[in-house]
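Peer 1: Here is a sequence with its predicted model. Questions after.
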Protein chains: 2
Amino acid sequence: MLSWVDGIPAELLSVKDRGLAYGDGLFETIAVSAGKPRLLERHLARVAEGCQRLQFSVDLALLSAELVAFAQALNEGVAKLILTRGDGMRGYMLPAASQARRILQGSPKPTYPTDNAEQGVRLFPCTTRLAEQPLLAGMKHLNRLEQVLARAEWQDAEHAEGLMRDTTGRVIECVYSNLFWSKDGVLLTPDLSRCGVAGVMRAELLAQARVLGIACEVRDCSLDELLTADEVFVCNSLYGVWPVRALQAHDWSVGPLTRKLQAIARDLLDC
Amino acid sequence: MLSWVDGIPAELLSVKDRGLAYGDGLFETIAVSAGKPRLLERHLARVAEGCQRLQFSVDLALLSAELVAFAQALNEGVAKLILTRGDGMRGYMLPAASQARRILQGSPKPTYPTDNAEQGVRLFPCTTRLAEQPLLAGMKHLNRLEQVLARAEWQDAEHAEGLMRDTTGRVIECVYSNLFWSKDGVLLTPDLSRCGVAGVMRAELLAQARVLGIACEVRDCSLDELLTADEVFVCNSLYGVWPVRALQAHDWSVGPLTRKLQAIARDLLDC
């Protein structure tokens, strides 16, 4: 598959890269459809915020042009962007001036069971908890061992996603997705100021729901409260929206708010 | 400098490596003196434990032989070992059978100001806190953004190390080192069951202190309590032991317990 490093076709990287040494960088997983990167502005905005918080520079205009060119070359599939602080000497200290290294990897369009979008998915209740670290919360950084351990908790195909809570027990997100629920017509999603990844699709759906006049709330939620929701769904920037039909002994039917936002996500992703 | 990947001289790595993608791996920083890796058994024991906790395999006999050969080739300096889960497809799910990828990088012997070991060091009080994550605590894994952010907090040469606390305020470790203190003849070091890296030198000093009949305690400690210590020192597997002479407004003189353990560390590292 297509693979570029700093704009040049390459499948190898220096062993001195700080992305490898410390997970010192960020990533984005971008849907590519009809030769175009989807939700590009939101992906770039998250990159810009992440670079600022991790204190390294990226040329956003160059990156944007590169993503457009990469998507054109890939045509259909997934563009995974990894941005690292580049090479470093031994030791945590920041190199004098770090310009982000840009790694792009293409992969084919993922094939999900059609049932996931239609009937909805069952969530696996992960026991791996997310640590509370406000300095890293929200970012899609490269320190992802918690997700690796959580995803290793189930092997069966019956669970399309795993629900993750923080060490205090709050519901935060799923391993690959953000979580929404609705109650009495209000759309809700967990606060991600202590942990979790603030997904691009999550941001887009919140914005679009507000435009539609749907009341939205971002706040803490316990597992007990989630089980009293009217509708539950998960979302990400590849598959859009999947209704959640089951978690532990609880079942949900697919509701109208979920279907409305699913249609919006489909349009955005052209999928 | 010397650089090997899976036993073969190489300075490049696949961009598909999960160490880059997720920080999915471990590392060790091993002092090499007179052609020999120092504290090799302890480094290998930590690797074995880390691989088990992260659920990937490593051939320890092969790794051990490789470290001996690498140290022989390097002769003097530092051997940095990175073990990753190897290449992966997109997604957190564990690859079917993962045998660790072995990356070895050599660097020259670090030159520290002689004052660090003689007069002691001043600790910078980092504001970056360590998140509590028992599933990852103690391991020297590749998710090290907290250390990167903490090390970026100070630039002056006056502070040789930075003190890190957890999100609850407990004193845990320093950015590159473990922390010890003494009170009324008892040697103490923080409990690392929620966060922190369980250093090889820390383990060795605890073992040697017990052999010498010194009472040792591993437990939680607040910053206020640390400031009442009789002696404070930091340690790692490269420089051995540095007395701590100052933290904030507090000053310590170098005590006999610190000097005793410093001499032991010197012998171990041949430095």
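Peer 2: Alright, I've got the coordinates. Numbering: from 1, shown residues only, chains lettered A, B, ... in the order given.

Peer 1: which parts of the stretch 51-200 of chain A sit against chain B?
Peer 2: A:54-55, A:78, A:80, A:82, A:84, A:89-94, A:103, A:105, A:107, A:128-129, A:131-133, A:135-136, A:141-152, A:167, A:175-176, A:195 (Cβ under 8 Å from any Cβ of the partner chain). Heads up, the C-betas are built off the backbone N, CA and C, glycines and all.

Peer 1: Narrow those to those in strands?
Peer 2: Among those, the members found in strands (DSSP state E) are A:78, A:80, A:82, A:84, A:103, A:105, A:107.

Peer 1: could you redo those as a markdown table and give each row distance to residue B:264, neighbour count and pLDDT?
Peer 2: Output for those, formatted as a markdown table (distance: Cβ to Cβ, whole Å; neighbours: other Cβ atoms under 10 Å in any protein chain shown; pLDDT from 0 to 100):
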| residue | distance to residue B:264 | neighbour count | pLDDT |
| --- | --- | --- | --- |
| A:78 | 54 | 19 | 97 |
| A:80 | 48 | 19 | 98 |
| A:82 | 43 | 22 | 98 |
| A:84 | 39 | 28 | 98 |
| A:103 | 44 | 24 | 98 |
| A:105 | 48 | 23 | 98 |
| A:107 | 52 | 18 | 97 |
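
Peer 1: Going through the residues of the stretch 51-200 of chain A next to chain B, which ones are buried?
Peer 2: A:54, A:78, A:80, A:82, A:84, A:90-92, A:94, A:103, A:105, A:107, A:128-129, A:131-133, A:135-136, A:141-152, A:167, A:175-176, A:195 (16 or more other Cβ atoms under 10 Å in any protein chain shown).

Peer 1: so what's residue A:99 scoring on pLDDT?
Peer 2: pLDDT, residue A:99: 83.

Peer 1: just checking, it touches residue A:51?
Peer 2: No: counting by Cβ atoms under 8 Å, residue A:51 is not a contact partner of residue A:99; they are 10.1 Å apart.

Peer 1: Overlap in contacts, the two.
Peer 2: A:57, A:58 (Cβ atoms under 8 Å, 6 or more residues apart in numbering or on different chains).

Peer 1: So for those two, which sits in the more crowded spot?
Peer 2: residue A:51 (21 against 14; other Cβ atoms under 10 Å in any protein chain shown).

Peer 1: show me where the stretch 51-200 of chain A has helices.
Peer 2: A:60-74, A:114-118, A:145-151, A:200-211 (DSSP state H, counting those that start in this stretch).

Peer 1: Dump those helices into JSON lines; add mean pLDDT as well.
Peer 2: Output for the helices of the stretch 51-200 of chain A, formatted as JSON lines (pLDDT from 0 to 100):
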{"stretch": "helix A:60-74", "mean pLDDT": "98"}
{"stretch": "helix A:114-118", "mean pLDDT": "96"}
{"stretch": "helix A:145-151", "mean pLDDT": "98"}
{"stretch": "helix A:200-211", "mean pLDDT": "98"}
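
Peer 1: Please identify the deepest-packed of those helices.
Peer 2: Among the helices of the stretch 51-200 of chain A, ranked by average contacts under mean count of other Cβ atoms under 10 Å in any protein chain shown, first place goes to helix A:145-151 (a mean of 23).
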